[in-house]
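*Asks:* Structure for this input, please:
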Amino acid sequence: MISRRALFSLMAAVALAGCAGQTVGTAGPATPSGSPGHATSQAGVSATPGGALATTGPKTHQVGETVTVTDNGADWARITVSDVSSAASYPGGLPDKPRTAGNVFIAARVTYEALSLGVDYGRYDWKALCGGIAVDYYSALHGPSPSLGSGHLPEGEKATGFIVFEVAAQGEVRLSYGASLTSTPMFEVVIRVA
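*Replies:* Coordinates of the predicted model:
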């Protein structure tokens, strides 16, 4: 029988092995030409003397920068966060109102461009960090549209849509991209400064 500690170690090793080849780079603000023109950098996990793993944290980007995610050295996808907005509520037949008094909604458009065959995308690839604390995705009925769905993109195709989070009215907010089922974020985008 496997102990809980051994099982946890095995799960961590499998998760890291699955992400070992993925890195991120930045191409600056999105341009119509779509030319990457970037330097790829290693994502935030490294080995230390003695074989222990140390996290250096995900690379931070700004709104409008196009981030190129690579897989085993090959360009996999370009991802851009743009069109950030904030609202106290979203009016409608059943208006969207923050669940916590004093909070607001923050929305951002996310665009994926598949650079290889088989790019999965979706809103649950993202989490928002408000003052370093993770907040839940908010499914707004009357928020900006289209909302980001989920799916699978063949090479050359794009998907775009908005994601919405309920956050405190003040403080820094970052969107953290972690690709489905990975616990280590690949990169973050600052969408509101403190």
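*Asks:* The strand ranked longest in the chain - which strands sit beside it in the sheet, and in what orientation?
*Replies:* For the chain, the strand with the greatest residue count under DSSP state E is strand 74-87. Partner strands for strand 74-87, per DSSP bridges, with pairing direction: strand 65-71 (antiparallel), strand 103-114 (antiparallel).
*Asks:* where does this protein dip in pLDDT?
*Replies:* Within the chain, the stretches falling below the threshold (pLDDT under 70) are 1-56, 179-183.
*Asks:* if we go to 50?
*Replies:* Screening the chain residue by residue with the criterion pLDDT under 50, one finds the ranges 1-55.
*Asks:* how about the helices in it?
*Replies:* Secondary structure of the chain (DSSP state H): helices located at 4-19.
*Asks:* returning to that earlier point: possible to save the strands paired with strand 74-87 as a markdown table with distance to residue 97 and mean neighbour count?
*Replies:* From N, CA and C alone the C-beta is placed, and that goes for glycine too. Conversion of these to a markdown table gives the following (distance: least, Cβ to Cβ, whole Å; neighbours: other Cβ atoms under 10 Å):
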| stretch | distance to residue 97 | mean neighbour count |
| --- | --- | --- |
| strand 65-71 | 32 | 21 |
| strand 103-114 | 9 | 21 |
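*Asks:* Let me have those in a markdown table, adding distance to residue 186 as columns.
*Replies:* Formatted as a markdown table, the entries for these read as follows, by distance: least, Cβ to Cβ, whole Å:
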| stretch | distance to residue 186 |
| --- | --- |
| strand 65-71 | 6 |
| strand 103-114 | 13 |
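*Asks:* and of these, who's closest to residue 187?
*Replies:* Distances from residue 187 to each of the strands paired with strand 74-87 were compared by Cβ to Cβ, and the smallest falls on strand 65-71, at 5.5 Å.
*Asks:* Quick check: buried residues in the longest strand of the chain?
*Replies:* For strand 74-87, the neighbour count (16 or more other Cβ atoms under 10 Å) marks 75, 76, 77, 78, 79, 80, 81, 82, 84, 87 as buried.
*Asks:* what do you get for stretch 155-171?
*Replies:* So for stretch 155-171, counting by 16+ other Cβ under 10 Å, buried means 159, 160, 161, 162, 163, 164, 165, 166, 167, 168.
*Asks:* which residues are contacting the longest strand of the chain?
*Replies:* For strand 74-87, contacts defined as Cβ atoms under 8 Å, 6 or more residues apart in numbering pick out 22, 27, 30, 34, 36, 61, 63-70, 104-116, 119, 121, 143-144, 153, 162, 175, 177, 189, 191-192.
*Asks:* Over to stretch 128-135?
*Replies:* Residues lying outside stretch 128-135 but in contact with it, judged by Cβ under 8 Å, 6+ apart, are 106, 127, 137, 165-168, 171-176, 188, 194.
*Asks:* Among the residues you listed, which are located in strands?
*Replies:* With strands defined by DSSP E, the entries of the contacts of stretch 128-135 inside them are 106, 127, 165, 166, 167, 168, 173, 174, 175, 176, 188.
*Asks:* okay, now residue 134: neighbour count?
*Replies:* Look at residue 134: counted by other Cβ atoms under 10 Å, it has 10 neighbours.
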